[in-house]
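J.: this one's sequence-less:
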(Lines give C-alpha, C1' and ligand atoms only; values in the text may rest on other atoms or scores of the structure.)
Protein backbone atom coordinates (compact mmCIF):
# COMPACT_ATOMS: atom_id res chain seq x y z
CA UNK A 1 0.00 0.00 0.00
CA UNK A 2 3.05 2.28 -0.07
CA UNK A 3 3.73 1.86 -3.79
CA UNK A 4 6.58 -0.60 -3.25
CA UNK A 5 6.92 -3.95 -4.93
CA UNK A 6 6.88 -7.13 -2.81
CA UNK A 7 10.71 -7.10 -3.06
CA UNK A 8 10.76 -3.75 -1.24
CA UNK A 9 11.93 -1.85 -4.33
CA UNK A 10 10.18 1.34 -5.30
CA UNK A 11 8.47 1.41 -8.66
CA UNK A 12 11.08 3.88 -9.85
CA UNK A 13 13.93 1.57 -8.78
CA UNK A 14 12.33 -1.41 -10.51
CA UNK A 15 11.75 0.42 -13.79
CA UNK A 16 15.18 2.05 -13.84
CA UNK A 17 16.90 -1.24 -12.95
CA UNK A 18 15.01 -3.16 -15.64
CA UNK A 19 15.76 -0.50 -18.25
CA UNK A 20 19.46 -0.39 -17.30
CA UNK A 21 19.88 -4.17 -17.29
CA UNK A 22 17.95 -4.66 -20.54
CA UNK A 23 19.24 -1.67 -22.52
CA UNK A 24 15.67 -0.28 -22.50
CA UNK A 25 14.22 -3.33 -24.24
CA UNK A 26 10.69 -3.09 -22.76
CA UNK A 27 8.59 -0.89 -25.02
CA UNK A 28 6.65 0.29 -21.96
CA UNK A 29 5.42 -0.72 -18.53
CA UNK A 30 1.98 -1.62 -17.21
CA UNK A 31 1.39 -1.16 -13.50
CA UNK A 32 -1.02 -3.76 -12.18
CA UNK A 33 -2.89 -4.78 -9.03
CA UNK A 34 -2.58 -1.65 -6.87
CA UNK A 35 -5.24 0.85 -5.82
CA UNK A 36 -4.74 4.37 -7.27
CA UNK A 37 -4.42 5.81 -3.75
CA UNK A 38 -1.44 3.55 -3.14
CA UNK A 39 0.49 4.97 -6.09
CA UNK A 40 -0.67 8.56 -6.66
CA UNK A 41 1.70 9.90 -3.99
CA UNK A 42 4.83 8.49 -5.62
CA UNK A 43 4.25 9.79 -9.14
CA UNK A 44 5.89 12.87 -10.63
CA UNK A 45 4.99 13.84 -14.21
CA UNK A 46 8.46 15.17 -14.97
CA UNK A 47 10.33 11.95 -14.15
CA UNK A 48 11.83 9.96 -17.03
CA UNK A 49 10.97 6.59 -15.49
CA UNK A 50 7.29 7.55 -15.24
CA UNK A 51 7.18 8.40 -18.95
CA UNK A 52 7.84 4.69 -19.56
CA UNK A 53 4.44 3.78 -18.06
CA UNK A 54 1.68 3.25 -20.66
CA UNK A 55 -1.00 1.66 -18.50
CA UNK A 56 -2.34 1.29 -15.01
CA UNK A 57 -4.60 -1.65 -14.19
CA UNK A 58 -5.53 -0.72 -10.64
CA UNK A 59 -7.56 -2.59 -8.07
CA UNK A 60 -11.01 -1.36 -7.10
CA UNK A 61 -10.21 -1.97 -3.44
CA UNK A 62 -7.94 -0.08 -1.07
CA UNK A 63 -7.27 -3.30 0.84
CA UNK A 64 -3.73 -4.65 0.95
CA UNK A 65 -2.85 -7.75 -1.05
CA UNK A 66 -2.91 -9.83 2.14
CA UNK A 67 -6.38 -8.52 3.01
CA UNK A 68 -7.62 -9.20 -0.52
CA UNK A 69 -6.17 -12.71 -0.43
CA UNK A 70 -8.08 -13.44 2.80
CA UNK A 71 -11.34 -11.74 1.83
CA UNK A 72 -14.36 -13.96 1.38
CA UNK A 73 -15.87 -11.50 -1.12
CA UNK A 74 -13.91 -9.35 -3.54
CA UNK A 75 -14.18 -5.66 -2.63
CA UNK A 76 -15.47 -3.76 -5.67
CA UNK A 77 -14.96 -0.29 -4.19
CA UNK A 78 -16.81 2.65 -5.74
CA UNK A 79 -16.72 2.63 -9.57
CA UNK A 80 -17.25 6.40 -9.90
CA UNK A 81 -14.52 7.19 -7.39
CA UNK A 82 -12.29 4.71 -9.23
CA UNK A 83 -12.89 6.68 -12.43
CA UNK A 84 -12.01 9.99 -10.76
CA UNK A 85 -8.83 8.52 -9.29
CA UNK A 86 -7.94 6.99 -12.66
CA UNK A 87 -8.42 10.47 -14.13
CA UNK A 88 -5.86 11.78 -11.65
CA UNK A 89 -3.43 9.05 -12.73
CA UNK A 90 -3.95 10.14 -16.35
CA UNK A 91 -3.34 13.79 -15.51
CA UNK A 92 0.03 13.08 -13.92
CA UNK A 93 0.98 10.29 -16.35
CA UNK A 94 0.02 11.65 -19.78
CA UNK A 95 1.77 8.73 -21.53
CA UNK A 96 -1.05 6.35 -20.58
CA UNK A 97 -2.55 4.55 -23.59
CA UNK A 98 -4.25 1.47 -22.15
CA UNK A 99 -7.13 1.73 -19.69
CA UNK A 100 -8.03 -1.24 -17.55
CA UNK A 101 -8.59 -2.61 -14.11
CA UNK A 102 -7.56 -5.49 -11.90
CA UNK A 103 -8.99 -7.01 -8.71
CA UNK A 104 -12.61 -6.04 -8.09
CA UNK A 105 -13.08 -4.00 -11.25
CA UNK A 106 -15.66 -4.58 -13.96
CA UNK A 107 -17.24 -2.68 -16.85
CA UNK A 108 -18.49 0.04 -14.49
CA UNK A 109 -14.98 0.87 -13.29
CA UNK A 110 -13.46 0.82 -16.76
CA UNK A 111 -16.38 2.87 -18.09
CA UNK A 112 -15.84 5.50 -15.39
CA UNK A 113 -12.10 5.59 -16.20
CA UNK A 114 -12.89 6.00 -19.91
CA UNK A 115 -15.26 8.86 -19.12
CA UNK A 116 -12.45 10.60 -17.23
CA UNK A 117 -10.10 9.95 -20.15
CA UNK A 118 -12.54 11.61 -22.56
CA UNK A 119 -12.81 14.61 -20.24
CA UNK A 120 -9.01 14.81 -20.19
CA UNK A 121 -8.67 14.86 -23.97
CA UNK A 122 -9.82 18.46 -23.99
CA UNK A 123 -7.60 19.34 -21.03
CA UNK A 124 -4.64 21.58 -21.82
CA UNK A 125 -2.54 19.66 -19.27
CA UNK A 126 -2.39 16.64 -21.61
CA UNK A 127 -0.30 17.84 -24.51
CA UNK A 128 -0.46 16.39 -27.99
CA UNK A 129 3.19 15.33 -27.79
CA UNK A 130 2.47 13.36 -24.61
CA UNK A 131 -0.20 11.41 -26.49
CA UNK A 132 2.11 10.04 -29.19
CA UNK A 133 3.10 6.40 -29.32
CA UNK A 134 6.86 6.88 -29.05
CA UNK A 135 8.99 4.35 -27.20
CA UNK A 136 9.67 6.88 -24.47
CA UNK A 137 13.45 7.10 -24.79
CA UNK A 138 13.54 10.88 -25.07
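T.: Perfect, I can see it now. What you see is a predicted model; the values in this text were computed from it and never measured.

J.: where does this structure have low pLDDT?
T.: Judged by pLDDT under 70, the chain has its weakly predicted residues at 1, 122-138.

J.: which residues in it form strands?
T.: Ranges of strands in the chain, per DSSP state E, are 29-32, 53-57, 98-99.

J.: return the most buried member of those.
T.: Scoring the strands of the chain by mean neighbour count under mean count of other C-beta atoms under 10 Å gives strand 53-57 as the most buried, with a mean of 20. For glycine as for every other residue, the C-beta is placed from the backbone atoms N, C-alpha and C.

J.: still on that earlier bit, any chance of the strands of the chain in JSON lines, plus distance to residue 20?
T.: Formatted as JSON lines, the strands of the chain follow (distance: least, C-beta to C-beta, whole Å):
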{"stretch": "strand 29-32", "distance to residue 20": "14"}
{"stretch": "strand 53-57", "distance to residue 20": "17"}
{"stretch": "strand 98-99", "distance to residue 20": "24"}
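
J.: relative to residue 115, which of those strands is closest?
T.: strand 98-99 (10.3 Å; C-beta to C-beta).

J.: just how off-centre is the closest one within its chain?
T.: How far strand 98-99 lies from its chain's middle: 9 Å, per C-alpha atoms, centre = their mean, to the nearest Å.

J.: so which elements touch it?
T.: strand 53-57, helix 107-121 (3 or more C-beta pairs under 8 Å, 6 or more residues apart in numbering; DSSP states H and E).

J.: between those, which gets nearest to residue 96?
T.: That would be strand 53-57 among the helices and strands packed on strand 98-99, by C-beta to C-beta, at 6.2 Å.

J.: give me the residues contacting that closest one.
T.: Here strand 53-57 makes contact (C-beta atoms under 8 Å, 6 or more residues apart in numbering) with 15, 27-33, 36, 39, 86, 89, 93, 95-102.

J.: mind redoing it with 10 Å?
T.: Contact partners of strand 53-57, identified using C-beta atoms under 10 Å, 6 or more residues apart in numbering, comprise 11, 15, 26-34, 36, 39, 43, 47, 85-86, 89-90, 93, 95-103, 105, 110, 113, 133, 136.
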